[in-house]
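Engineer: what's the 3D shape of this:
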Amino acid sequence: MREVAAHAGVSVGTVSHVVNRSQKVSEDTIAKVSRSIDALGFVRNAAARQLRSGRSSSLGLVVLDTANPFFASVAHGAREACDEAGLSLLIGDSGTEEARESKYLDLFAEQRVNGLLVTPSGADLSKLEGIASRGTPVMLVDREAGGYSLSSVTVDNAAGGRMALDHLIAGGCAKPAFVGGPFTLPQVSDRARGARERAAESDLDMAVFETGELTILAGRSIGERIVSLPEEARPDAVFCANDLLAVGFMQAVIMFSALRIPEDLALIGYDDIDYAFSAIVPLTSIRQPADLLGRTAVESLLAENASGEQIHRDEKFTPELVVRQSTRAV
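Structural biologist: Numbers count the residues shown, from 1 in each chain. Got it, this is the predicted structure:
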């Protein structure tokens with residue numbers, strides 16, 4: 001900073017104000033200092049600033065799968081909110097593995113992030129609760145706290161499951177099935193629970209097919225299995241726990257059977273990612289406000305951080321049914 005100050009012909013304090021935006025400086029002075037910064041290749045020492053302030057200018061986000069467009073949209077909303085707050089967003093992909101998630105949490109703790117946004121992969125949230133108790137705000141994203149002292153921003157997944165079954169039943173489906181997994185993920189189990197409740201209220205049995213992953217390949221694999229069932233055992237409607245599964249399932253129906261969607265088999269997904277609209281048969285889906293989830297998580301975490309109080313907030317959005325050609329007309 002001394003070299004920049006000498007090059008620009010200003011004080012070190014002025015350079016500091018320009019770099020840290022800590023005090024109003026004239027536009028001419030900002031331009032002069034900026035030219036010197038560019039000329040000298042100056043980079044601010046973030047580590048030194050963290051030592052002084054005790055915190056970095058970053059938030060950490062850990063999601064289950066960055067390849068899933070739903071989580072990409074969550075990250076997009078979070079990043080936009082961070083940009084507006086003058087913060088950076090560090091992103092980690094746990095791959096639904098608790099050990100990998102723990103590594104990212106440790107890494108972000110070493111970086112002294114201003115807060116953590118996490119979609120946990122396991123049921124035990126005690127490590128996150130411990131991080132929060134030591135002064136680093138933690139916000140659960142797309143996951144309820146379930147009795148832990150943590151804040152959360154979620155979608156009502158059980159309501160989404162009921163919504164999906166309501167739509168399938170209204171379209172005349174009598175043999176619904178649920179496809180999804182693993183059931184250790186609360187999002188999956190909650191969607192299945194809501195669907196089961198609505199099926200039971202309508203005196204229908206709902207078959208359940210558990211998958212190991214929420215991917216297109218997993219959807220195609222279970223789809224091959226279901227379309228090969230004899231007609232009397234085959235469902236006439238399938239509710240998939242997310243759109244990736246539904247897209248893979250649709251591929252199996254088209255590639256390995258003569259069944260028609262939705263005439264022979266209605267299909268509905270969850271999330272309403274771009275793939276849903278652009279599928280061969282446009283996919284009916286339960287829409288989650290993914291971008292809004294990410295944005296709200298950041299804004300709520302920063303509000304909690306600014307208050308200095310550990311007051312836990314839980315915000316829950318209601319999903320929305322988006323009807324397309326993969327289900328029967330109501």
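
Engineer: from the contact counts, what lies against the helix or strand Ala158 falls within?
Structural biologist: Using DSSP states H and E, Ala158 falls within helix 157-170. Contacting helix 157-170 under the criterion 3 or more C-beta pairs under 8 Å, 6 or more residues apart in numbering; DSSP states H and E are the following elements: strand 176-180, helix 186-201, strand 237-240, strand 266-271, strand 284-287, strand 320-322. The way it works is simple: take the backbone N, C-alpha and C, and place the C-beta from them, glycine included.

Engineer: which of those sits most buried?
Structural biologist: Highest mean neighbour count of the helices and strands packed on helix 157-170: strand 237-240, a mean of 30 (counted as mean count of other C-beta atoms under 10 Å).

Engineer: contacts for the following helix or strand past it?
Structural biologist: For strand 237-240, the succeeding helix or strand toward the C-terminus, using DSSP H and E, is helix 243-256. Contacts of helix 243-256 with the rest of the structure, by C-beta atoms under 8 Å, 6 or more residues apart in numbering, involve 68-70, 179-180, 211, 214-224, 226-228, 238, 240, 259, 261, 265, 267-273, 275-276, 279-281, 283, 285, 326.

Engineer: least confident secondary structure element in this protein?
Structural biologist: For the chain, the helix or strand with the lowest mean confidence is helix 46-53, at a mean of 48 (criterion: mean pLDDT, DSSP states H and E).

Engineer: wait, which of the helices and strands packed on helix 157-170 is closest to Ala6?
Structural biologist: strand 266-271 (55.2 Å; C-beta to C-beta).

Engineer: before we move on, back to that, give the next helix or strand downstream of the least confident helix or strand of the chain.
Structural biologist: Using DSSP H and E, the helix or strand that follows helix 46-53 in sequence is strand 58-63.

Engineer: which residues are in contact with that next one?
Structural biologist: 71, 74-75, 78, 82, 87-94, 101, 104-105, 108, 111, 113-119, 141, 294, 298, 301.

Engineer: returning to that earlier point: give me the distance from the helix holding Ala158 to the chain's centre.
Structural biologist: From the chain centre to the centre of helix 157-170 is a distance of 21 Å (C-alpha atoms, centre = their mean, to the nearest Å).

Engineer: and stretch 234-242, by the same measure?
Structural biologist: 23 Å.

Engineer: how about the CA coordinates for it, as PDB?
Structural biologist: The C-alpha trace of stretch 234-242 is given here as PDB (Å, rounded to 0.1, in the frame of the first residue of the first chain):
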ATOM      1  CA  ARG A 234     -47.500 -51.500 -13.200                       C
ATOM      2  CA  PRO A 235     -48.500 -48.000 -11.800                       C
ATOM      3  CA  ASP A 236     -50.500 -45.700 -14.000                       C
ATOM      4  CA  ALA A 237     -48.800 -42.600 -12.500                       C
ATOM      5  CA  VAL A 238     -45.400 -41.900 -11.100                       C
ATOM      6  CA  PHE A 239     -44.300 -39.100  -8.800                       C
ATOM      7  CA  CYS A 240     -40.500 -38.700  -8.800                       C
ATOM      8  CA  ALA A 241     -38.700 -37.000  -5.900                       C
ATOM      9  CA  ASN A 242     -37.000 -34.600  -8.300                       C
END
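
Engineer: for Pro69, see how far away Thr154 is.
Structural biologist: Applying C-beta to C-beta, to the nearest Å, the value for Thr154 to Pro69 is 19 Å.

Engineer: which of the helices or strands spans the closest residue to Arg225 other than its chain neighbours?
Structural biologist: Excluding the flanking residues, the one nearest Arg225 by C-beta to C-beta, 6 or more residues apart in numbering is Phe209, at 7.4 Å. Per DSSP H and E, Phe209 falls inside strand 207-210.

Engineer: that strand packs against which elements?
Structural biologist: Counting by 3+ C-beta pairs under 8 Å, 6+ apart, strand 207-210 packs on strand 176-180, helix 216-227.

Engineer: what comes up buried for that strand?
Structural biologist: When burial is assessed from 16 or more other C-beta atoms under 10 Å, strand 207-210 yields the following buried residues: Ala207, Phe209.

Engineer: pull the distance from that strand to the chain's centre.
Structural biologist: Per C-alpha atoms, centre = their mean, the centroid offset for strand 207-210 relative to its chain is 24 Å.

Engineer: Pro69 - nearest residue in space that isn't next to it in sequence?
Structural biologist: Ile273 (4.0 Å).

Engineer: mind listing what the one you found touches?
Structural biologist: Counted by C-beta under 8 Å, 6+ apart, Ile273 has contacts Asn68, Pro69, Phe70, Ser73, Asp243, Leu244, Ser285.

Engineer: same check on Ala81?
Structural biologist: Neighbour list for Ala81: Gly294, Arg295, Val298, Glu299 [criterion: C-beta under 8 Å, 6+ apart].

Engineer: if you set the cut-off to 10 Å instead, what comes out?
Structural biologist: Ala81 makes contact with 59, 87, 89, 291, 294-302, according to C-beta atoms under 10 Å, 6 or more residues apart in numbering.

Engineer: mind telling me what element it is part of?
Structural biologist: Applying DSSP H and E, one finds Ala81 within helix 69-84.

Engineer: report pLDDT for Ala81.
Structural biologist: Per-residue confidence (pLDDT) for Ala81: 96.
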